[in-house]
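K.L.:
A structural model of the following input is requested.
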Amino acid sequence: MSATIEGQDRILAAAQQIVKSLNINTQQTEDMLSILSSFDHCLSNISNLIDTTGGGSGDKLNDQFEEAESIILQRDCDTSSPENVSEYLAAVDLIIQLTEDLNIQSQRNDDNYDFLDRAENALQVAMMKLEDDFRHALIHNTVPLDADRLYGSVRSVSCSFPSNDGEFGETGENEPIDDERDRFGNDDNEGSSSLHHERGASLGGDFCVDLIRFEAIDDLKDIADRMIRSGYEKECCQVYTAVRRDVLDECLMILDVERMSIEEVQRIEWKILDEKLKKWILAIKVVVRVLLFGEKSLCESIFNESELIQEVCFVETTKSCVMQLLNFGEAVAISQRSSEKLFRILDMYEVLRDVSQDLDALYVCESGELVCSEVKGVCSSLGMAAVGTFVEFENAVKGESSRAVLNGDIHPITRYVMNYLKLLADYSDTLNTLLPKDDQHDLCSSQSDHRDGDGLGVATVSPLATRVQELIASLQSNIDEKSRLYEDSAMRYIFLMNNSLYIVQKVKESELRGLLGDQWIRKHRGKIRQWHTSYLRAAWGKALMCLKDEGIGGSSSGASKVILKERFKNFNACFEDIYRVQTLWKVADEQLKEELRISISEKVLPAYRAFVGRFGSRLEGMHGGRYIKYYPDDLEHYLSDLFEGKPGVMSLMKRKST
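P.N.:
All right, here's what the predicted structure looks like:
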């Protein structure tokens with residue numbers, strides 16, 4: 001490059017000397033200028049060089065300079081009067097060209113220094129004015145952005161996870177709970193845990209917002225080109241970055257992203273912080289996919305003559321905005337861990353991971369490497385925070401020690417843990433990349449599951465599947481321990497059935513099924529059937545013993561009547577006690593509730609009907625109704641009141657009359 005420039009200078013100097021020698025004849029001079037100009041493009045400005053040495057052409061150039069200088073100085077002094085932009089820029093172009101030519105010539109001719117000083121002074125004044133014009137044009141041609149336009153660049157998708165049966169609590173409140181004790185149930189069993197997570201908005205299709213009015217781009221480019229050509233690229237870049245940086249800061253305010261210190265983030269209440277995190281996730285998408293790409297395009301349009309200046313201006317303009325977002329993400333990553341934060345942290349990790357490739361494409365120069373490095377660092381911190389929070393949740397489940405619920409219903413810890421795992425399954429791909437993979441651990445877990453009939457081979461067990469199996473096993477162990485606190489063994493089986501069925505249903509209806517497999521579901525359904533049988537035996541065994549034939553015999557003796565009366569009295573007492581107690585028990589699943597009632601009817605009603613049919617006639621008389629208090633149809637009616645979780649009233653009790 002330098003060799004080429006030096007060669008051009010020599011050609012110009014030689015051409016100048018030739019033309020000077022012919023300057024005694026104006027016509028010859030003009031002819032030679034024409035010949036030399038057509039010979040090589042680098043000689044196209046040779047006439048200007050000759051004009052400054054004297055002669056008729058010199059007077060013409062001097063007049064042009066005087067006029068250009070006047071235009072520049074007058075506009076600088078009177079900015080309020082409108083000027084013809086093209087005329088002003090033409091004057092600037094002439095001064096720029098003149099200073100360039102004079103700088104070349106002054107290396108061999110000291111006679112032009114005074115003229116050069118005047119030209120450079122005019123150029124400096126012009127650049128100061130262009131700097132103001134550039135700033136003014138940037139500010140007043142910035143397209144106003146509001147929340148609707150910015151949020152319109154993404155498509156909002158809410159992913160809520162409540163079921164139709166109000167599984168998040170009887171109050172219907174779907175808000176996260178911070179306190180571990182409240183989350184898994186309190187000592188009074190009056191509360192119910194809840195869990196709700198709304199995932200961040202997902203990106204829509206391509207969306208573009210105009211950051212600068214289109215008609216102003218050419219004007220901005222014209223100013224930038226002249227400032228850069230005159231050596232004022234630093235001032236030009238400073239003006240550009242200062243104005244556009246303020247615009248991006250305003251956009252962050254519109255997106256409701258505050259500048260917060262690490263201490264402020266760590267002190268803020270979780271519910272408030274959660275809202276800020278959702279806005280942060282949305283802001284990342286808008287900033288990277290809309291604003292940064294828009295800024296990149298804008299830089300390329302205005303500074304298309306220099307890739308270096310494009311990159312410098314882009315990095316300096318956007319770096320502060322991106323770093324503000326990253327600092328907030330880092331503060332969240334190192335803040336105190338709690339189970340509720342996991343899903344939001346995963347959302348943050350995923351969105352930052354997804355836009356990292358875009359940022360790599362945007363920040364391609366060396367000055368942008370710091371930004372990309374910071375993005376990767378914060379993404380890594382969020383990933384580690386997610387794993388650490390997951391471990392906190394595992395420990396919380398293992399260490400949970402609240403009492404069993406009074407009515408045998410689904411325990412809050414079961415609801416919370418299974419809905420938590422259901423949400424986690426939606427992040428399977430992400431968690432499988434974040435969770436450490438222990439081959440030996442997976443091998444042992446897989447072999448154990450295979451022996452238990454789950455049918456999960458070593459190759460099919462992902463890190464998340466292994467951890468989910470262990471978490472559910474911990475939950476089931478916890479539930480089993482709580483069930484042993486019930487004095488009534490029948491209630492223990494109701495409690496186990498309620499909670500185990502809830503676990504199975506959550507696995508079956510979610511992505512957890514893909515993690516655990518159908519064999520796992522069949523295995524646990526088998527356990528529920530076993531508890532069903534155990535319940536019937538524990539709850540109704542004593543009542544059915546009252547309907548046995550032993551000891552009654554076939555005679556109508558007084559002794560057999562006494563035994564018979566005692567059997568009916570005992571059955572009535574057992575049934576009434578079961579009714580009083582088990583109407584208070586709660587079976588949440590309607591199908592399980594109906595199956596229990598049917599199995600009770602099939603086991604109890606035929607035995608009672610047969611017993612009454614065989615021995616009821618022996619108690620005929622005025623007082624028979626004292627012992628045979630219920631028709632079989634009465635029993636069937638009362639059985640429909642069981643497991644409703646509210647006191648039953650035997651208001652329709654009928655006495656059998658003779």
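K.L.:
For the longest helix seen in the chain, buried residues please.
P.N.:
Secondary structure of the chain per DSSP state H: the longest helix is helix 369-399. Within helix 369-399, the residues that count as buried by 16 or more other C-beta atoms under 10 Å are 371-372, 374-375, 378-379, 381-383, 385-386, 389-390, 392-393, 396-397. The C-beta positions use only the backbone N, C-alpha and C, and glycine is treated the same way.
K.L.:
Give me the mean pLDDT for it.
P.N.:
Averaged across helix 369-399, pLDDT comes to 94.
K.L.:
so after that helix, what's the next helix or strand?
P.N.:
Counting by DSSP states H and E, the next helix or strand C-terminal to helix 369-399 is helix 412-425.
K.L.:
the inter-axis angle of that following helix versus helix 369-399?
P.N.:
Helix 412-425 runs at 150 degrees relative to helix 369-399, counting by axes from the mean of the first three to the mean of the last three C-alpha atoms, to 10 degrees.
K.L.:
Give the other helices and strands that the helix or strand harbouring residue 581 contacts.
P.N.:
Using DSSP H and E, the element containing residue 581 is helix 558-582. Where contact means 3 or more C-beta pairs under 8 Å, 6 or more residues apart in numbering; DSSP states H and E, helix 558-582 is packed against helix 518-545, helix 590-615, helix 632-639.
K.L.:
Go through the shortest one and flag the buried ones.
P.N.:
Under the neighbour-count criterion of 16+ other C-beta under 10 Å, helix 632-639 has 632, 634-636, 638-639 buried.
K.L.:
do the longest one as well
P.N.:
By neighbour count, with 16+ other C-beta under 10 Å as the criterion, the buried positions of helix 518-545 are 520-521, 523-524, 528, 531-532, 534-536, 538-540, 543-544.
K.L.:
of all these, which two lie farthest apart?
P.N.:
Spanning the widest gap among the buried residues of helix 518-545 are 520 and 543, at 36.2 Å by C-beta to C-beta.
K.L.:
Correct me if wrong, but residue 433 is in a helix.
P.N.:
Yes: judged by DSSP: H, G, I helix; E, B strand; the rest coil, residue 433 forms part of a helix.
K.L.:
how deep is it tucked in, by neighbour count?
P.N.:
The criterion is other C-beta atoms under 10 Å. On that basis, residue 433 has 13 neighbouring residues.
K.L.:
Same question for residue 259.
P.N.:
Applying other C-beta under 10 Å, we find 12 residues neighbouring residue 259.
K.L.:
And the one 5 residues further on, by the same measure?
P.N.:
Counted with other C-beta under 10 Å, residues neighbouring residue 264 total 12.
K.L.:
Tell me, what's the model's pLDDT at it?
P.N.:
Per the predicted model, pLDDT is 91 at residue 264.
K.L.:
what's the answer for residue 95, then?
P.N.:
According to the prediction, residue 95 has pLDDT 79.
K.L.:
on that earlier part again, put together TSV for the buried residues of helix 632-639, with distance to residue 560 and pLDDT on each row.
P.N.:
As requested, those are exported to TSV (distance: C-beta to C-beta, whole Å; pLDDT from 0 to 100):
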residue	distance to residue 560	pLDDT
632	23	88
634	25	89
635	24	92
636	28	91
638	29	93
639	30	93
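K.L.:
Closest one to residue 366 out of those residues, please.
P.N.:
Nearest to residue 366 out of those is residue 639 (C-beta to C-beta; 80.0 Å).
K.L.:
Extract the residue ranges of the protein that are flagged as low pLDDT.
P.N.:
Within the chain, the segments meeting pLDDT under 70 span 1-61, 75-84, 102-115, 152-209, 438-460, 551, 553-559, 620-625, 651-658.
K.L.:
Tell me which stretches of it form strands.
P.N.:
Shown for the chain, the strands assigned by DSSP state E span residues 154-155, 202-203.
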